[in-house]
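> Got a sequence here, can you model it:
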Amino acid sequence: MSTVALVELQVKPEAVEGVKAGLKKLLVETRAYDGCQSVDVYNDLDSKGTLVLYEKWDSPGHHKKYMAWRQETGALAQLGAALTGPPIIRYFDRVDA
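Numbers count the residues shown, from 1 in each chain. Down below sits the predicted model:
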């Protein structure tokens, strides 16, 4: 069963295009990371500074391991400088309904 991770980023207005370009490069490695099934990025239609990453992972543990790796590489600190606050991460499992 897959887990969906929704990662919401509030990007500083002057950094939006740079963050999008950076994600395009970073997500190549993300998509190849163990346990990652897919990652798509969405821009809020009402707030151009709000980006949401819709990620499918084998488990929350896989995503948490990935996030720890990104922390170690410095990618999260670099991204954090372009944000107005910390990313909001929520995990969801599919409901049979």
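> L51 contacts E17, correct?
No: using Cβ atoms under 8 Å, L51 is not in contact with E17; the gap is 11.4 Å. Where you see a C-beta, it was placed from the backbone N, CA and C, and this is true even at glycine.
> The two - which one has more neighbours?
Of the pair L51 and E17, L51 is the one with more neighbours under other Cβ atoms under 10 Å, namely 21 against 10.
> which secondary structure elements does the longest helix seen in the chain contact?
Longest among the helix segments of the chain by residue count, using DSSP state H, is helix 16-32. If contacts are counted by 3 or more Cβ pairs under 8 Å, 6 or more residues apart in numbering; DSSP states H and E, helix 16-32 sits against strand 36-43, strand 50-57, helix 75-80.
> switch the cut-off to 7 Å
Here helix 16-32 is seen to pack against strand 36-43 when contacts are counted using 3 or more Cβ pairs under 7 Å, 6 or more residues apart in numbering; DSSP states H and E.
> now what about the strand it packs on, what contacts it?
2, 23, 27, 30-31, 51-58, 66 (Cβ atoms under 7 Å, 6 or more residues apart in numbering).
> Thanks a lot, catch you later.
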